[in-house]
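Undergrad: Please find the sequence and the predicted model below.
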Amino acid sequence: MKKIIIIIIVILLVGYFFPKSYTSSAGHVTAEMNAEFEANKPTCMGYSYLTNREATYADAPGKSLCFGWLVK
């Protein structure tokens, strides 16, 4: 019984810390497209890391890694 609980905990930890890629900001788009993105964008429940910070300064879409749960 103890082994099963430990295996379940390990599976949950691996699932939690496995990085998931997602688009965190829309970049330079029209107001209508931005409103649609904001209404449907995924949210990271955990730690989010922006991988293309310099490109977002030029209004490119934000590409992030989520270490946690990705909720849409």
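TA: That came in fine, so what should we check first? Numbering: from 1, shown residues only.
Undergrad: longest single helix anywhere in this structure?
TA: Among the segments of the chain that qualify as a helix by DSSP state H, the longest is helix 2-17.
Undergrad: Output the contacting helices and strands for that helix.
TA: The contact analysis (3 or more Cβ pairs under 8 Å, 6 or more residues apart in numbering; DSSP states H and E) places helix 2-17 against strand 62-71. Glycine gets a C-beta too; all of them are placed from N, C-alpha and C.
Undergrad: Measure how buried K63 is and give me the count.
TA: Applying other Cβ atoms under 10 Å, we find 18 residues neighbouring K63.
Undergrad: Tell me the helix or strand right after the worst-scoring helix or strand of the chain on mean pLDDT.
TA: Across the helices and strands of the chain, mean pLDDT, DSSP states H and E gives its lowest value to helix 2-17, namely a mean of 84. Heading C-terminal from helix 2-17, the first helix or strand you meet, by DSSP states H and E, is strand 20-25.
Undergrad: starting at the chain centroid, how far to that next one?
TA: Relative to its chain's centre, strand 20-25 lies at 5 Å (Cα atoms, centre = their mean, to the nearest Å).
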